[in-house]
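Student: sequence first, then the predicted structure, then my questions.
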Protein chains: 2
Amino acid sequence: MTQFKNVTVDKAANIYFDGKVTSRTIFFEDGTKKTLGIMMPGEYEFATVLKEEMDITAGTLQYKLADGEWETIDGSGVFYVPANESFQLNVHTVVDYCCSYLEEE
Amino acid sequence: MTQFKNVTVDKAANIYFDGKVTSRTIFFEDGTKKTLGIMMPGEYEFATVLKEEMDITAGTLQYKLADGEWETIDGSGVFYVPANESFQLNVHTVVDYCCSYLEEE
């Protein structure tokens, strides 16, 4: 199983949409962070500050970027959201994800 | 905010009850582990292997140990479950918890 080593974890969860979306923030030695999250079925809209890599590790969802079409991920897949944009999610089954916050290059 | 430092985190979540209870496992340098979890409203029964410290950090629930009465935690509180026992939970609002697995002394 993939593990993240030598990290710092916030004890408190991030809780959104009445708990239907929750995550844990982990901090790496190089100053970067990720969130490990769960999304229950539902429709959500999020906005980014930094560019985000959304790594879906379980579940089925559709996502739509600001200038894109609806795309489907079933079981596993990755998509990227530019900084300072909104994106929509339609979560069909419980999703386990890892979100990385990326500094623009 | 309380943080756990120098830990290892499993990327994949633990998912129970169709995602209504989920957690992340974190491993400490001394060989111990904790899970950081979320419980959506509902009724659940769990069984322990090791003794567990259930540290509720947000939400409202009732718990009942095998030989106990229903007790209420509202917002924050701690209870302990002996090894190899079942306990019941009635979760009223989204609960954020930290479960520590304790070797018997």
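Tutor: Thanks, I have the structure now.
Student: strands of chain A, start to end?
Tutor: A:3-10, A:14-16, A:21-27, A:33-39, A:42-47, A:51-58, A:60-65, A:71-74, A:77-81, A:86-91, A:95-102 (DSSP state E).
Student: what's the angle from the fourth one to strand A:51-58?
Tutor: Just to be clear, that refers to strand A:33-39. 40 degrees (axes from the mean of the first three to the mean of the last three Cα atoms, to 10 degrees).
Student: what average pLDDT does strand A:33-39 get?
Tutor: Averaging pLDDT along strand A:33-39 yields 98.
Student: partner strands of that strand, with direction?
Tutor: strand A:21-27 (antiparallel), strand A:95-102 (antiparallel) (DSSP bridges).
Student: B:Ile73: which of those is closest?
Tutor: B:Ile73 sits nearest to strand A:21-27 of all the strands paired with strand A:33-39, at 18.7 Å, using Cβ to Cβ. Quick note: C-beta positions are derived from backbone N, CA and C, even for glycine.
Student: in the closest one, what's buried?
Tutor: Neighbour-count burial for strand A:21-27, counted by 16 or more other Cβ atoms under 10 Å in any protein chain shown, picks out A:21-26.
Student: okay, now the nearest residue to A:Pro82 once chain neighbours are set aside: neighbour count?
Tutor: Of all residues not flanking A:Pro82 in the chain, A:Lys51 sits nearest, at 5.7 Å (Cβ to Cβ, 6 or more residues apart in numbering or on different chains). Residues near A:Lys51, counting by other Cβ atoms under 10 Å in any protein chain shown, number 17.
Student: what do you get for A:Val49?
Tutor: A:Val49: 9 neighbours (other Cβ under 10 Å).
Student: now do the same contact list for A:Leu65.
Tutor: For A:Leu65, the contact set (Cβ atoms under 8 Å, 6 or more residues apart in numbering or on different chains) comprises A:79, A:81-82, A:85, A:87.
Student: nothing else from me, thank you.
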